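Asker: Could you look at this predicted model? Sequence included:
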Amino acid sequence: MPLPDRPDLSPTVAGAAPADDPSGDGFGVRFRVRHTTRYDYGEDVSVSHHLLHLTARPHPRQRVRRSALTILPGPAVQSSHTDYFGNTVTYVAMQEPHRQLVVTAESEVEVGPPRRWTLRSRHPGSRCAIRWAA
């Protein structure tokens with residue numbers, strides 16, 4: 001069991017994917033990630049506003065299978081948008097007095113293998129291959 005407030009990085013081999021995997025294509029390694037941020041205030045806070053950048057994002061080597069935010073106490077206002085860089089930004093506002101705020105982000109992502117890049121020399125017939133972990 002993971003320690004509280006520590007990431008839970010639990011890989012599963014693609015061949016052992018859960019039955020609800022619609023593709024079943026063995027894309028890569030799956031990770032379940034949980035991140036919790038906890039604010040404990042010394043006294044009641046009447047109103048608080050937050051911008052959260054905690055949602056997993058797709059990438060050519062990463063498929064987002066599931067991503068969810070749990071916010072306690074529940075926000076009175078919540079909205080999301082995609083920023084200029086492609087990241088999901090979630091705005092939340094708590095409008096009731098509270099002494100604690102707990103935000104938990106849970107994601108399941110599948111990460112594919114590094115791409116193979118081939119560099120070609122300017123000299124005909126000369127090639128070299130490198131592995132690029134980008």
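Answerer: Ah, there it is.
Asker: In contact with residue 110, which residues?
Answerer: Contact analysis of residue 110 by CB atoms under 8 Å, 6 or more residues apart in numbering lists 14, 27, 28, 29, 30, 31, 62, 63, 65. Placement of C-beta: from N, CA and C, glycine included.
Asker: which one in those is the model shakiest on?
Answerer: Lowest-confidence member of those: residue 14, scoring 36 (pLDDT).
Asker: just to revisit the earlier point, and the contacts of residue 110, which of them are buried?
Answerer: Buried subset of the contacts of residue 110 (neighbour count, 16 or more other CB atoms under 10 Å): 14, 27, 28, 30, 31, 62, 63, 65.
Asker: farthest pair in those?
Answerer: Maximum pairwise distance in the buried ones among the contacts of residue 110, criterion CB to CB, is 13.2 Å, between 14 and 62.
Asker: hang on, the earlier thing: adding distance to residue 44 and secondary structure, write the buried ones among the contacts of residue 110 out as JSON lines.
Answerer: Listed next are the buried ones among the contacts of residue 110 as JSON lines, based on distance: CB to CB, whole Å; DSSP: H, G, I helix; E, B strand; the rest coil:
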{"residue": "14", "distance to residue 44": "48", "secondary structure": "helix"}
{"residue": "27", "distance to residue 44": "47", "secondary structure": "coil"}
{"residue": "28", "distance to residue 44": "46", "secondary structure": "coil"}
{"residue": "30", "distance to residue 44": "41", "secondary structure": "strand"}
{"residue": "31", "distance to residue 44": "38", "secondary structure": "strand"}
{"residue": "62", "distance to residue 44": "40", "secondary structure": "strand"}
{"residue": "63", "distance to residue 44": "42", "secondary structure": "strand"}
{"residue": "65", "distance to residue 44": "39", "secondary structure": "strand"}
